[in-house]
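Participant: Sequence and predicted model, in that order:
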Amino acid sequence: MKTPDLVFRGRRLSRDRALVLAAVESLPAARAAVAEGADLVSFAGADAESLVASAREAFPGLFVGVDTADASVAAACCEAGADLILARADLAGVAARYGAGYAAPALPSPAGLPDSGVVLDIGEFRTPLPDSPVLASVPGDGTPGGLALAALAASAGVAILRTKHVREVRHVAEMAASIAGTRPPAKAVRWE
């Protein structure tokens with residue numbers, strides 16, 4: 001279950017469980033996601049650059065991503081402080097230029113991207129998983145079945161779980177890690 005730490009823009013993202021990525025559309029949504037325990041937030045759309053800049057200012061230690069297919073948007077967001085590019089096209093050159101992490105459906109081959117900053121975005125969770133760090137969504141996100149799939153994904157070694165239901169998915173990731181023994185339980189209860 002334990003996969004190597006990730007490094008985005010020279011900052012190490014250590015973990016003892018699957019990380020939780022909140023796909024959000026506004027700064028208030030990012031604030032709510034952070035309050036619920038998101039490890040990363042990502043923005044998409046025309047306002048992504050200003051949202052990245054605002055999130056960077058509001059949460060200096062938070063890992064912030066941009067979800068885009070546009071190289072100019074990716075570059076502008078990296079200038080504004082984005083740590084991770086969730087690429088919908090080949091944006092490996094932009095990630096390499098800024099030292100940003102790179103998540104895409106296909107692993108890039110260009111020089112300049114360290115292995116520790118590259119994540120394979122497999123879309124919806126499925127098994128078996130490849131040997132590289134993986135970012136996945138789960139079908140039925142937030143439903144009991146979706147949470148069960150999130151637990152299975154975390155147990156299978158998914159590095160990052162993309163969700164709109166941060167609190168629930170974070171609890172599931174913590175539970176899976178506690179069962180696997182990679183982190184202590186949040187609360188130990190003795191049954192009598």
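Facilitator: Here it is on my side, so go on.
Participant: For the residue nearest in space to the middle of the chain, give me the pLDDT.
Facilitator: Centroid check for the chain by Cα atoms, centre = their mean gives Leu21 as the closest residue, at 3.9 Å. On pLDDT, Leu21 comes in at 97.
Participant: Tell me what it is bridged to.
Facilitator: Leu40, Arg162 (DSSP bridges).
Participant: Could you report the separation of it from Val41?
Facilitator: Note on Leu21: its distance to Val41, by Cβ to Cβ, to the nearest Å, is 7 Å. C-beta here means a position set from N, CA and C on the backbone, and glycine is covered the same way.
Participant: any common contacting residues for those two?
Facilitator: By Cβ atoms under 8 Å, 6 or more residues apart in numbering, Leu21 and Val41 have these common neighbours: Gly65.
Participant: Beyond the helix or strand harbouring Leu135, next helix or strand please.
Facilitator: Leu135 is part of strand 134-137 when elements are defined by DSSP states H and E. Per DSSP H and E, the first helix or strand lying C-terminal to strand 134-137 is helix 144-156.
Participant: which residues are contacting that following helix?
Facilitator: Helix 144-156 has contacts (Cβ under 8 Å, 6+ apart) with 1, 17-18, 125, 127, 129, 136, 138-141, 161, 163, 165, 168-169, 172-173, 175-177, 179-180.
Participant: one more time with 6 Å, if that's ok
Facilitator: Around helix 144-156, the neighbours that count as contacts under Cβ atoms under 6 Å, 6 or more residues apart in numbering are 18, 125, 127, 129, 136, 138, 140, 161, 168-169, 172-173, 176.
Participant: swap in stretch 68-76?
Facilitator: 48-49, 85, 88-89, 91, 94.
Participant: Could I get the CA-only coordinates of that stretch as CSV?
Facilitator: Provided in CSV are the C-alpha atoms of stretch 68-76 (Å, rounded to 0.1, in the frame of the first residue of the first chain):
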residue,chain,number,x,y,z
THR,A,68,-6.5,22.1,-18.0
ALA,A,69,-5.7,21.2,-21.6
ASP,A,70,-4.3,24.7,-22.4
ALA,A,71,-0.6,25.3,-22.1
SER,A,72,-1.0,29.0,-21.6
VAL,A,73,-3.5,28.5,-18.7
ALA,A,74,-1.1,25.9,-17.2
ALA,A,75,1.9,28.3,-17.4
ALA,A,76,-0.1,31.2,-16.0
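Participant: In the contacts of helix 144-156, which residue is surrounded by the most others?
Facilitator: Most neighbours among these, by other Cβ atoms under 10 Å: Ala18, with 31 neighbours.
Participant: Direction included, what does the element among helices and strands of the chain having the smallest mean pLDDT pair up with?
Facilitator: When each helix and strand of the chain is scored by mean pLDDT, DSSP states H and E, strand 11-13 comes last, with a mean of 83. Applying DSSP bridges, strand 11-13 is found paired with strand 6-8 (antiparallel).
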